[in-house]
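Engineer: quick one: sequence plus predicted model below, questions after.
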Amino acid sequence: VQLQASGGGLVQAGGSLRLSCAPSGRAFNRYAMAWFRQAPGKEREFVATISWEDRSAYYGDSVKGRFTISRDYAKSTIYLQMNDLKPEDTALYYCAAGGLGLSAGVYDYWGQGTLVTVSS
């Protein structure tokens, strides 16, 4: 495993969580890094991505204004601050590293996922 995602848990609707994704064995500072999520019975969905050059960030429509992606180059770690969580945000959240894009296909490295459950 080269990317370790953590920070998931159970939270009530309207609450917040912060996910982290750190590498093991190598740094990913020259890669775009992203978060995707997959809910039971649904396809994997793009959440957010951040470039390595200038930290430009892009978000999926369903999380704009509520989630913020950031990265710490010194720790080679990315974060996903999730505010105003909704039950529909419940999913397994994956971090990924690779080219900058909204499609899962441009990312070469994936973490194991961390589960976020939002209760109503």
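Structural biologist: Looks like it came in fine. Numbering: from 1, shown residues only.

Engineer: in contact with the residue nearest the centre of the chain, which residues?
Structural biologist: Centroid-nearest residue in the chain: W35, 2.6 Å away (criterion: C-alpha atoms, centre = their mean). When contacts are counted by C-beta atoms under 8 Å, 6 or more residues apart in numbering, W35 touches L19, C21, V47, A48, T49, I69, I78, L80, Y93, Y94, C95, A96. Every C-beta, even on glycine, is put in place using the N, C-alpha and C of the backbone.

Engineer: neighbours around the second one, how many?
Structural biologist: Yep, that's C21 we're talking about. For C21, the tally of surrounding residues (other C-beta atoms under 10 Å) stands at 27.

Engineer: quick check: beta-bridge partners of it?
Structural biologist: For C21, the beta-bridge assignment (DSSP bridges) gives partners A5, I78.

Engineer: the residue nearest to the centre of the chain: which element?
Structural biologist: Secondary structure from DSSP states H and E places W35 in strand 32-38.
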